[in-house]
Structures are given as C-alpha cells and as structure tokens.
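> below is the sequence, then the predicted model.
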Amino acid sequence: MSIHHKTTKSLLIAFMITGSLLQTYTVQAQQKKYNVLFIAVDDLNNYLGCYGNTAVKSPNIDKLAQNGVKFDKAYTQFPLCSPSRSSLLTGRRPDVTGIYELQTHFRKNLPDVVTLPQLFKNNNYFSARVGKIFHYGVPGQIGTNGLDDSVSWNLRVNPKGRDKVNEASIKNVTPDRQLGSALSWRADEGTDEEQTDGLIATEAIRILEEKKNEPFFLAVGFFRPHTPYVAPKKYFDLYDPGKIQLAKEKENDLADVPEAALFTKPSHWGLGEADRRDAQRAYYAVISFMDAQVGRVLDALDRLKLRDNTIIVLWSDHGYNLGQHGQWMKQSLFENSARVPLIIAVPDGLKGKSSGRTVELLDIYPTLTELTGLTAEGLQGKSLTPLLKNPEAAWTRPAYTQVKRDKIMGRSVRTERWRYTEWDEGKAGVELYDEKNDADEFTNLSSDPKYTSTVKELAALLHKNGNTGTN
C-alpha cells in the first residue's frame, strides 16, 4: 500500500471518528436536560399586577408572566396548605391522598408514591428544597423540616429569620386565634435578607451558583404572604391604609349562602373597617416583599445564564379571601379561596400569553414530566403542554376543589362559566354562581327554576368525576 494511500486512509478514519464525535455531542446537546425552578408561594391569591390588580405592586412576578404563559383560571384541589401541597406533589386528588388536615403525612396513606421532586431525583437531577414545599406549620415550624418528605430531596435547607425570632412583637387583632390563622402583622426593621424569605432567596441563589453545570430541580418555597404578615417597613410604606379598597359587600349577601360555606364566623371575625384595612394593607406589603425575593432569584438565574435551559413554574397552594362575603383567608369554596396564580415559562416557549382555560394545580406534575421527557404512574391531572403551545386550544376539563367542614365535605366544580358546590352531597346546601355575570358571587342561582338544567348538568359532572379525577 502506498504512503499516499495510507495517509488518505488515515485521514478518512480520523474524519469519520471526528464526525462521529461531533454527531454524539450534537445528540447530547439536543438531549440536554431542562432544569426546573419550582417556586411555591404560601397563601397568595390573584392580587397581582399581571392578573389585573392595580393596587398591589408585584413587578417581578409580572415580569415573569411576560416571559411565559399565565393561567387565568387555575384552581387548587383543597384550599388548605397540606392537603393542597400533598395533592400537587403526588399528582393525586385529596380523596386519594386522604389528606384533609394539617397533621397527617401523606406517606401514611401512600407509602410508596413517587413525588414530583422525587421523580427528578430518581432521574439524576439534583433535587433541592429551600423553605416550604411540603407542609410546615407557619410560623411555628419555620426553621424545621415540618411535614417534609426526606426521600424527595438531595438537599433540604430550612432558613429562619428575624420574623420568626421576634414573634412576640407581632400585632394580632384577632388574639383568640393563633398567629398562623390570625389577622396579625408587623412592619419590621432590618433588611430583606434578614427575613426568612430573604434568607430563602439567598440560599436558592447559592444553590443555583453551585449546581449551574448539572441538571437540577430546585424548589423555592416562600412563606409570605402567609400570616403573620411580616416584612421590612419599606414595603408597608408602599401602601396608604386610607386608600385600601375593602371588599365589595352587599346587604343580605349571606341570606342565600349555606351555613357550611362559611369559615369566618362571625363575618370579619367582628373586626371594624380600620382593622380590616390595616390587615389588607399588611397582606399587600408582604406580597410586595415576597415578590422582591422572587426577583432576586430570577435575576440570579439570568446572571448565571440559566434562563435558556430552565423551566420556571410559579404557583400558590390556594387562594385567599380578603373580606369577600365577610370571609378571610382560605378554607372556603368561593372563587377567591379556590383560584390561584399559576405561571409557567418554558425556554423558547410562548411569552406574555394568557390562557382562560380551566386548569388545576394537579396538572403541574404531568406538565413537567412531559416537558422533561420523564414518565410517572397514576397521575390524575393532565399535561398543560397543549395550552403552553396554544393558550386557547380546545380544553374541556373542569376544575375540582373540596374542603372539609367539621364532619362534612364540601365539593365544588368550576367550568369556564360556572361554579357549582354541594355541601354534604347537597344535604347541607347547594350553590351555583354565574362567574361570567356575577364575578362577586353575590347571587346563588341553585334554587332558581331557570337554572334547573344547569344544576343537573353540573351535579352530574361533580358526582361522576369529582373524586376519581377521570374527567
């Protein structure tokens, strides 16, 4: 064989090897795993600029909405922290998890279930949690693991800031209620970074910096705006209490509302307008404070050039009443309590779009599995990827929300127009609201003969699919 031929053959082999390697690297690059930044916010309703609220300042979450798809009709499965989070993170409805209160761990009923973060951990993602993802009692369990699930994570971080340390100075205008379920607040001294949520943002940024070169599932759980409403004073200064608009009320509003529907008794816990206005101002202040911490994390994501390979999901575990129907906080099946903010931003996905389709927090788990190419068994939600591609795509699924009231269960189904609710299978009352024409839910239409067919149709939908989630 000539020297020229050997040289040509060697070059050809070298070219083939190089080509093969390039092809391998290309395939690897194409298969590079999306990171997930999973931002949970505790007790946040839809009082955000991006959802049309002009009173509350939330520039960072508003900016995130401009970089993804905002779901205008997203609903919790249970308007209470642990039942909601257990449902979302296992992908099962509350009647499957069996979690209706704040004490029982979901593993008691589902010992072998694979949670959302656990699935990523099992697939070679670095799975980390900072703050509240599974349930914590707030403020009592801040700084502990609470009802966390250890097998879901490679790393768990439990910051505790000055808001927890200085609890004794918090003002409580409902002193017969514990701080975690009281209208209570403090305009604090010091910096953002000294607060628990500030420390959570700092720790999340540290993890991003350390793990930027490997696939990660980073769950960042902010405690605010959960009561007690504590934030640095500068956030309270953003809001003039004299200009706070209290919830619209109507004379005899509760005359057609079943007794079981009411969580706050008596209405407003007997508080006058001045205390209610101050409480609402404090809630707004802690939203703005939490929003600033979200902004710090998102800024770090950009600084580290991770945005182009990271799916961002921001959600709240349930909504929050601010005096509507005399009700405060959660644990009701009114719209303000059941509806939640939900924003999903996917690299190279749609930006600044909104979807009016009715979706559930239960849908987050299958959405993330589809976006990342993972598989999971037994999920009861449905992937939102069709709506991430086309926010107005055909979508016929309603949303189911339930809450336990003493020994009876309230169950509600929400379509794009209607909310239909039964208490104790209707024996303790029924509600029907036309959300298109009566967004304040002032008129219960369930006994109006004009809506007999609507009640029948929605009752069938509730009874057929509400528990099993087979809709």
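Looks like it came in fine. Numbers count the residues shown, from 1 in each chain.
> next, the contact list for Trp423, please.
Applying Cβ atoms under 8 Å, 6 or more residues apart in numbering, one finds that Trp423 lies in contact with 258, 260-261, 405, 408-410, 429-430. For every residue, glycine as well, the C-beta is placed using N, CA and C.
> show me what it is bridged to.
Gly410 (DSSP bridges).
> which SSE is immediately downstream of the top helix by length along the chain?
In the chain, assigned by DSSP state H, the helix with the most residues is helix 273-303. Heading C-terminal from helix 273-303, the first helix or strand you meet, by DSSP states H and E, is strand 310-316.
> how near is Gln103 to Gln141?
When distances are taken as Cβ to Cβ, to the nearest Å, Gln103 and Gln141 turn out to be 12 Å apart.
> thought Ala247 was touching Phe334?
No - counting by Cβ atoms under 8 Å, Ala247 sits too far from Phe334 to count as a contact (10.9 Å).
> more neighbours: the two, which one.
Set side by side, Ala247 and Phe334 show unequal neighbour counts under other Cβ atoms under 10 Å, the larger going to Phe334 at 24 against 17.
> mind listing what that one touches?
Phe334 sits next to 261, 321, 324-325, 327, 441 when contact means Cβ under 8 Å, 6+ apart.
> related to what we said a few turns ago, from the contact counts, what lies against the longest helix of the chain?
Helices and strands touching helix 273-303, by 3 or more Cβ pairs under 8 Å, 6 or more residues apart in numbering; DSSP states H and E, are strand 35-41, helix 59-65, strand 184-188, helix 196-210, strand 216-222, strand 229-232, helix 233-236, strand 310-316.
> pull the longest one out as PDB, backbone CA atoms only.
Extracted as PDB, the C-alpha positions of helix 196-210 are listed here (Å, rounded to 0.1, in the frame of the first residue of the first chain):
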ATOM      1  CA  THR A 196     -36.900  34.200  56.400                       C
ATOM      2  CA  ASP A 197     -38.000  34.700  52.800                       C
ATOM      3  CA  GLY A 198     -34.900  36.800  52.200                       C
ATOM      4  CA  LEU A 199     -32.700  34.000  53.500                       C
ATOM      5  CA  ILE A 200     -34.600  31.600  51.300                       C
ATOM      6  CA  ALA A 201     -33.800  33.600  48.200                       C
ATOM      7  CA  THR A 202     -30.100  33.800  49.300                       C
ATOM      8  CA  GLU A 203     -29.900  30.100  49.800                       C
ATOM      9  CA  ALA A 204     -31.600  29.400  46.500                       C
ATOM     10  CA  ILE A 205     -29.100  31.700  44.700                       C
ATOM     11  CA  ARG A 206     -26.300  29.800  46.400                       C
ATOM     12  CA  ILE A 207     -27.600  26.500  45.100                       C
ATOM     13  CA  LEU A 208     -28.000  27.900  41.600                       C
ATOM     14  CA  GLU A 209     -24.400  29.100  41.600                       C
ATOM     15  CA  GLU A 210     -23.100  25.700  42.900                       C
END
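> now do that helix against strand 310-316, angle only.
Taking axes from the mean of the first three to the mean of the last three Cα atoms, to 10 degrees, helix 196-210 and strand 310-316 form an angle of 170 degrees between their directions.
> and the fifth one, by the same measure?
Per the same axes, to 10 degrees, the angle that strand 216-222 makes with strand 310-316 is 30 degrees.
> now what about strand 216-222, what contacts it?
Outside of strand 216-222, the residues that reach it under the criterion Cβ under 8 Å, 6+ apart are 35-42, 117, 120-121, 125-133, 197, 200-201, 204, 207-208, 211, 290, 293-294, 297.
> in this protein, which ranges drop under the pLDDT threshold?
Applying pLDDT under 70 to the chain flags residues 1-32, 465-471.
> keep only those of the contacts of Trp423 that are in helices.
Counting by DSSP H, these contribute nothing to helices.
> just the buried residues out of these, in PyMOL syntax.
Here is the PyMOL command that selects only those of these that count as buried (16 or more other Cβ atoms under 10 Å):
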select buried, resi 258+260+261+405+409+410+429+430
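> same list, the contacts of Trp423, but as TSV with distance to Arg93 please.
Formatted as TSV, the entries for the contacts of Trp423 read as follows, by distance: Cβ to Cβ, whole Å:
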residue	distance to Arg93
Pro258	23
Ala260	21
Ala261	21
Arg405	18
Ile408	18
Met409	12
Gly410	15
Gly429	22
Val430	21
